[in-house]
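Student: predicted structure and sequence below. I'll ask about it afterward.
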Amino acid sequence: MRDSGPTQRQLRVGESLRHALAEVLRDNEIRDPELEGVSVTITQVRPSPDMRHATVFCEPLGGKNAKAVVAALNRHKGFLRGEMGHRIAMKFTPELRFVEDESFAEAQKIEDILKSPEVQRDLAATHDDGDREDEQS
C-alpha cells in the first residue's frame, strides 16, 4: 500500500485535465450570474487513483466571492465535464468537484505575519545579537 502521494500518471492526467478545463472556461460563456465577468484560475486538478473523480482547486481572480464562484462551478460541473470530454483523450472523463484553493489566502496570512512589527522587531534583535557576537571574537 502506497501513501506517498499521487502517481506520475495522476500528475500527468491532472495537468492535462487542468489545461482542458482552463480552455473550456476561457472559450465557453456559462450563463450564470455568479460567473459573469469573473476570471477563474484553475490552480490544480487532482484525479482519484482510479481516474473516475477529480478535485479541481480554483480561485477567482482577486479572490472575491470565492464561495459563490465555486458553488456556481459545481452547479455547472456536468456541462464542464462534457466539454472537457471533447478535448482530452481519456476513456472516461472524471466527475468533477470544485473546491476553493485556499493556498493564496494562507500565503498572504504568512506574508502579513512576517511583515508584522513584532516579527520585524524580533528579527532586528536577532541580527543585533549576531553583530555583538562578531565584535567579541
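Tutor: Arrived safely. None of these values were measured; they are calculated from a predicted model.

Student: which residues touch the strand or helix carrying Phe104?
Tutor: Using DSSP states H and E, Phe104 maps to helix 103-115. Here helix 103-115 makes contact (Cβ atoms under 8 Å, 6 or more residues apart in numbering) with Thr43, Phe57, Glu59, Gly63, Val119. Any C-beta I mention is one placed from the backbone N, CA and C, and that applies to glycine too.

Student: which residue, other than its chain neighbours, is closest to the last one?
Tutor: Nearest residue to Val119 in three dimensions, chain neighbours excluded: Ile113, at 6.3 Å (Cβ to Cβ, 6 or more residues apart in numbering).

Student: cool, the second one as well?
Tutor: What sits nearest to Phe57 in space, not counting adjacent residues and going by Cβ to Cβ, 6+ apart, is Asp101, at 3.9 Å.

Student: tell me if I'm right that that neighbour and Val45 touch.
Tutor: No: taking Cβ atoms under 8 Å as the definition, Asp101 is not a contact partner of Val45, at 10.9 Å.

Student: and for those two, which residues touch both?
Tutor: Common contacts of Asp101 and Val45, defined by Cβ under 8 Å, 6+ apart, comprise Phe57.

Student: neighbour count for the two, which is higher?
Tutor: Using other Cβ atoms under 10 Å as the criterion, Asp101 and Val45 rank with Val45 on top: 25 against 19.

Student: next one: phi and psi at the more buried one?
Tutor: Main-chain dihedrals, Val45, degrees, to the nearest 10: phi -130, psi 120.
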